[in-house]
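>>> build me a model:
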Amino acid sequence: MKNKTITYNYLILFHLLIALAVFVLPALSKLYALVIPIVGIYLVNKTKNRNNEVLLVCAYLVGVEVFLRMTGGNFNNEYVKFNLVFFMLLGMIYSSFSPSSFIYWFFLILLIPCILITASVDQVNIDVKKLLFFNLSGPVCLGICSIYMYCRRIQFSQLQNILSVMGLPILTTTAYLFLYTPSVRDVVTSTGSNFETSGGFGPNQVSTILGLGIFIFFTQLVLSSKSIKDIILNGCILAFISYRGVVTFSRGGIITGVVMIVCLLFFLYQFSNAKGKTKFGFVLILTSLMGVGVWTYSSIQTRGLIDKRYANKDALGRVKKSALSGREGIMDSEINLFLDNPILGVGAGMGKELRKESGDEVASHNEITRMLAEHGMFGIFGLLILFITPLILFINNRQHLYCLSFYLFWLLTINHAAMRIAAPAFVYALSLLSVHIIMPQKAEKSEG
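Below is the predicted model of the structure:
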């Protein structure tokens, strides 16, 4: 256990140094992006994926994606999604997949009609290939990840390791944000999403991955801290990520992280015995105090602007007309497109192209209304598969304490950030795992 703690501490230090190295020499970001899949292929081939090593590799890729994007390491916007698909298929070669996962093969088949419709467009100014890659890479990544993970048996301790691996590059991202803008007070002048506090990158995506990081290091704090030093270390990291997430001024990712934690706390309470429920009270008090502390510090650093942001007010304290930063109009247009084309939809990516005709070039932030508009009836069937399947599996696998937290992350994220990054696809698939908690006594007997 001591060696494991030392290794964890060294990994944290190493990932903080990565942030510093890339900040000083940005070209290292592309080298970093190349090394990850190379090391991943070596690891999976060496172990023959005996312990689902592909999940560790993919978790790391998911955690590092936003960092690579903001530092120019991504070779294209779908780089991580393509890598996830590759490693999942590699994992299937070594470890097969459940025959019951046919439901997600069917989900992938449901995507074909919209491809044919978009491919039939003959407008010169439309890049069909780009449209298909941009709009279908997320759903395809989700489908392939789900096929691999569907009912795959895994120990809870292994799942915790997967989260730990995902969290390390998120810590790198947070450290880079600090180096990019060490003084938040100097760059916050309004209540809009802030690119300066988001490393010069999209605040929505940064907030999303930091919200996931908040949940990951909360689980590290509550479930993996075996000593006072571990509690202090993980508590400090959690507070650091929470603060930098809040000051992006992008609300979606942070609210999602909080909802995930609340959901987990509910199941921890239900799962605990009398002694555990007593500890739960301590955890709840500690979490509440930390949350109040982070929020108070954020409010001071932003001169109260963050309070107005979450109250949906502008810098002068006036309530904004739109509660969703103007996205309601895009959602309304997509619903209207669905009503006009209820069977086949308008085709992958064509929603944005049709909005261009009315002078609105903003891409959809809502994957649900996008699927309705662009996939029509096939989109409804696809969404039903995605909505219902994890809930049915959870009924028979109550030991998967993170299942509904993962499910909520996917559901809330696709409503404010669509599937621009790979995180919602991968985390959704994690909710399909068959997780089993092995008590220490039982583990000792099995080893003997």
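
>>> give me the low-pLDDT residue ranges for this structure?
Applying pLDDT under 70 to the chain flags residues 1-5, 123-124, 322-326, 357-362, 439-448.

>>> quick one: buried residues of the longest helix that it contains?
If you go by DSSP state H, the chain has its longest helix at helix 274-301. Within helix 274-301, the residues that qualify as buried by neighbour count (16 or more other C-beta atoms under 10 Å) are 280, 283, 287, 290, 294-295, 297-299, 301. (Each C-beta comes from the backbone N, C-alpha and C, glycine too.)

>>> for the nearest residue to Lys352 once chain neighbours are set aside, give its distance to Leu110.
Counting by C-beta to C-beta, 6 or more residues apart in numbering, Ala363 is the residue found nearest to Lys352 once chain neighbours are left out, at 5.1 Å. In this view, Ala363 and Leu110 are 22 Å apart by C-beta to C-beta, to the nearest Å.

>>> compare those two (neighbour count), which wins?
Leu110 (21 against 14; other C-beta atoms under 10 Å).

>>> and the more buried one, what does it touch?
Contacts for Leu110 (C-beta atoms under 8 Å, 6 or more residues apart in numbering) come out as 375, 378-379, 381-382, 385.

>>> picking up where we left off before, pull the very next helix or strand once past the longest helix of the chain out as CSV, backbone CA atoms only.
Next helix or strand after helix 274-301 toward the C-terminus (DSSP states H and E): helix 305-310. Coordinates of each C-alpha in helix 305-310 appear next as CSV, following Å, rounded to 0.1, in the frame of the first residue of the first chain:
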residue,chain,number,x,y,z
LEU,A,305,-19.0,38.3,-10.9
ILE,A,306,-19.2,34.6,-10.5
ASP,A,307,-22.2,34.9,-8.2
LYS,A,308,-24.0,37.0,-10.9
ARG,A,309,-23.0,34.4,-13.6
TYR,A,310,-24.7,31.6,-11.8
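
>>> on that earlier part again, mark which of the contacts of Leu110 are buried, thanks.
For these, buried by 16+ other C-beta under 10 Å: 375, 378-379, 382, 385.

>>> and which of those is nearest to Leu316?
Among the buried ones among the contacts of Leu110, Gly379 lies closest to Leu316 (C-beta to C-beta), at 41.0 Å.

>>> next, count neighbours for Ile6.
Using other C-beta under 10 Å, the number of residues around Ile6 comes to 10.

>>> against Leu13, how distant is it?
According to C-beta to C-beta, Ile6 and Leu13 sit 11 Å apart.

>>> and if you look at Ala425?
As judged by C-beta to C-beta, Ala425 and Leu13 stand 30 Å apart.

>>> now do the contacts for Leu28.
Counting by C-beta under 8 Å, 6+ apart, Leu28 makes contact with 21-22.

>>> can you list the buried residues in stretch 254-268?
For stretch 254-268, the neighbour count (16+ other C-beta under 10 Å) marks 254, 256-261, 263-265, 267-268 as buried.

>>> hang on, the earlier thing: could you single out the nearest of the buried ones among the contacts of Leu110 to Glu328?
Among the buried ones among the contacts of Leu110, Gly379 lies closest to Glu328 (C-beta to C-beta), at 19.7 Å.

>>> which helix or which strand is home to the closest one?
Counting by DSSP H and E, Gly379 is found in helix 377-395.

>>> Leu372 too?
Assigned by DSSP H and E, Leu372 falls in helix 367-375.

>>> and that helix, what does it pack against?
Helices and strands touching helix 367-375, by 3 or more C-beta pairs under 8 Å, 6 or more residues apart in numbering; DSSP states H and E, are helix 112-119, helix 128-149, helix 327-340, helix 350-356, helix 377-395, helix 403-416.

>>> so the closest residue to Leu136 other than its chain neighbours, which state does it fall into?
Counting by C-beta to C-beta, 6+ apart, Ala348 is the residue found nearest to Leu136 once chain neighbours are left out, at 5.5 Å. Recorded secondary structure, Ala348: coil (DSSP: H, G, I helix; E, B strand; the rest coil).

>>> and the gap between Ala348 and Ala119?
Distance, Ala348 to Ala119, using C-beta to C-beta: 9 Å.

>>> shared neighbours, those two?
Common neighbours of Ala348 and Ala119 (C-beta under 8 Å, 6+ apart) are Leu132.

>>> who's more crowded, these two?
More neighbours surround Ala348 than the other of Ala348 and Ala119, with 26 against 14 (other C-beta under 10 Å).

>>> show me what contacts that one?
111, 114-115, 117-118, 131-132, 135-136, 374-375.

>>> how about residues contacting the host helix or strand of Phe106?
In this structure, Phe106 sits in helix 102-109 according to DSSP H and E. Applying C-beta under 8 Å, 6+ apart, the contact partners of helix 102-109 are 139-140, 143-144, 146-147, 150, 382, 385-386, 389.

>>> what of stretch 63-76?
Under the criterion C-beta under 8 Å, 6+ apart, residues 19, 22, 26, 29-30, 32-33, 36, 77, 79-80, 165-170, 172-173, 176, 198-201, 205-206, 208-209, 213, 421-423 lie in contact with stretch 63-76.

>>> pull the CA atoms of it into PDB?
Only the C-alpha atoms of stretch 63-76 are listed here, as PDB (Å, rounded to 0.1, in the frame of the first residue of the first chain):
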ATOM      1  CA  GLY A  63      -8.500  12.900 -19.700                       C
ATOM      2  CA  VAL A  64      -5.800  14.500 -21.800                       C
ATOM      3  CA  GLU A  65      -8.000  15.500 -24.800                       C
ATOM      4  CA  VAL A  66      -8.800  19.000 -23.800                       C
ATOM      5  CA  PHE A  67      -5.200  19.700 -22.800                       C
ATOM      6  CA  LEU A  68      -4.000  18.600 -26.200                       C
ATOM      7  CA  ARG A  69      -6.600  20.700 -27.900                       C
ATOM      8  CA  MET A  70      -5.800  23.900 -26.000                       C
ATOM      9  CA  THR A  71      -2.000  23.400 -26.500                       C
ATOM     10  CA  GLY A  72      -2.100  22.500 -30.200                       C
ATOM     11  CA  GLY A  73      -1.200  18.800 -29.700                       C
ATOM     12  CA  ASN A  74      -4.300  17.400 -31.400                       C
ATOM     13  CA  PHE A  75      -3.600  16.500 -35.000                       C
ATOM     14  CA  ASN A  76      -7.300  17.000 -35.700                       C
END
